[in-house]
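In: Turn this into a structure:
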Amino acid sequence: MKKNLLSAVCLLAICASCQQPVKDSVNTQLTKRELMQDFLEGKTHGDYVPTAYFSHFPARVGQDAVYYHIRHLARTGIDILKVQFEQHQPKIKVETVADWQQIQPLPRDYYAPTVAVVKEVVDIVGHETMVLPTIYSPFQVLRMQIGIPNVIRWAKEDPDQVLRVLRIYTDALLNFARDCKEVGVDGFFTPTQGGETIYYEVPDFFERFIRPFDMEIMNECNAGTQCNILHICDWEGPYDDLSRFVSYPGQIVNTPNFVDGKPFTPADAERLFDRITLGGLDRKGVINKGTPEEVVAEVERVKKENTGRLIIGAECTIDGKTPIENIRAAVRTAHGK
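Out: Numbering: from 1, shown residues only. Purely as a prediction, here's the structure:
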């Protein structure tokens, strides 16, 4: 895979040299890092709108994972590179209280394989592109391990067990965040779940099991970094209200396209959160199923209808089989080319 990684780095250099440069007032070519720094500070460059599309890759850790991330950046021309978080806990059954004892504190270096991927990606492209590792919430780690029905059941029957494990995962994720900052990341992609309507049957579920742990992780991620994306993830179900997330930190917010059964646009998100928004496209829509020409039209519509502080992208990760021609067309159009 070292040969493939070298090929990806070479492809990155070739693509960068072929892209139409964006220049500042003194005619100096700007890197994607400089463009994003300007954007975060409120400075724009003509018709250039930043854009980013994220996807899961076949490899989770190691050189293969580094290769796929670098290749994605090189092939698409996106303005931010998000590193995926793929070290998931093994699935377990929790049918009795004793079963919870299978979950014990994680070793201090548990996430070292993912940190190694982050470090190498930063070393290769960090000088010209902002790199944001993904960091799941403690609740997401637990949900993926035991499943939604079990989370709901035990939150009712034995909440102390749930809180104990959320504390374990919070401590491990705090270490991961600190280690990522040590290798020079620009911020984090911080997803949250647990505010969906499916959890309403548990009294005070969000305030007890979600917010305190989310805030602890996200405050650590935001401390000393400049570009953090708050991602409100609707992968597991819909929301009827996003106002509970307004106090969450992050310079950028990425929201679902529908809230309470009605369309929720980037303009709606900017009004509610008063910050930069990422979105505008449906991950299962034109970007995935349309033609490049249809993608161009859709991105042009989004640019026209959302003139605020916008990074054009999807509401969540796009399918790994999304046609690369569609992603390229979306990026070129956002960049005004």
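
In: Let me know the secondary structure of Asp234.
Out: Following DSSP: H, G, I helix; E, B strand; the rest coil, we place Asp234 in the coil state.

In: Make sure it is actually in contact with Glu315.
Out: Yes: with contact defined as CB atoms under 8 Å, Asp234 and Glu315 form a contacting pair (7.3 Å). Glycine gets a C-beta too; all of them are placed from N, C-alpha and C.

In: Pull up the overlap in contacts between those two.
Out: Listed as contacting both Asp234 and Glu315 by CB atoms under 8 Å, 6 or more residues apart in numbering are Pro256.

In: what about these two, which has more around it?
Out: Glu315 (26 against 19; other CB atoms under 10 Å).

In: To what extent is Gln104 buried, counted in neighbours?
Out: 8.

In: is it true that it touches Ile168?
Out: Yes: Gln104 lies in contact with Ile168 (CB under 8 Å); the separation is 7.2 Å.

In: What average pLDDT does stretch 269-284 get?
Out: The pLDDT scores in stretch 269-284 average 97.

In: Give me the buried stretch members for it, please.
Out: Residues of stretch 269-284 classed as buried by neighbour count (16 or more other CB atoms under 10 Å): Ala269, Glu270, Leu272, Phe273, Ile276, Thr277, Leu278, Gly279, Gly280, Leu281, Asp282, Arg283.

In: What about those, which are in helices?
Out: Ala269, Glu270, Leu272, Phe273 (DSSP state H).

In: my guess is the second one meets Leu278, correct?
Out: No: between Glu270 and Leu278 there is no contact, the gap being 10.7 Å when judged by CB under 8 Å.

In: Quickly list what's touching both of the two.
Out: Leu310.

In: is it fair to say Asp179 lies in a helix?
Out: Yes: according to three-state DSSP, Asp179 belongs to a helix.

In: give the contact list for it.
Out: Asp179 touches Tyr111, Ala112, Val115, counting by CB under 8 Å, 6+ apart.

In: Would you check how far apart Val125 and Leu73 are?
Out: Taking CB to CB, to the nearest Å as the measure, Val125 falls 6 Å from Leu73.

In: From Ile80, how far out is Tyr136?
Out: For Tyr136 relative to Ile80 (CB to CB), the value is 18 Å.

In: Also Thr96?
Out: 44 Å.

In: Check Val118 too.
Out: 14 Å.

In: how about the ones in helices among the buried residues of stretch 269-284, which pair is most distant?
Out: Glu270 and Leu272 (7.5 Å; CB to CB).

In: all strands of the stretch 51-200 of the chain, in order?
Out: Under the criterion DSSP state E, counting those that start in this stretch, the stretch 51-200 of the chain contains strands at 80-83, 130-133, 189-192.

In: Out of the ones you listed, flag the one nearest Gln37.
Out: The closest of these to Gln37 is strand 130-133. By CB to CB, the value is 8.1 Å.

In: quick one: strands adjacent to the closest one?
Out: Strand 130-133 has its sheet partners listed here by DSSP bridges as strand 80-83 (parallel).

In: average pLDDT for the partner strand?
Out: pLDDT averaged over strand 80-83 gives 98.

In: For Asn306, give me the pLDDT.
Out: So Asn306 comes in at 86 (pLDDT).

In: what sits against it?
Out: Here Asn306 is in contact with Thr265, Pro266, Ala267, Glu270, Thr277, Gly280 (criterion: CB under 8 Å, 6+ apart).

In: Tell me if the third one really is in a helix.
Out: Yes: assessed by three-state DSSP, Ala267 belongs to a helix.

In: Show me the shaky parts of this structure.
Out: 1-21, 23-28 (pLDDT under 70).

In: beta partners of the residue nearest in space to the middle of it?
Out: For the chain, the residue nearest the mean C-alpha position is Phe189 (3.9 Å; CA atoms, centre = their mean). Judged by DSSP bridges, the bridge partners of Phe189 are Thr134, Ile229.

In: quick one: contacts for it?
Out: Phe54, Lys82, Leu132, Pro133, Thr134, Ile135, Asn228, Ile229, His231.
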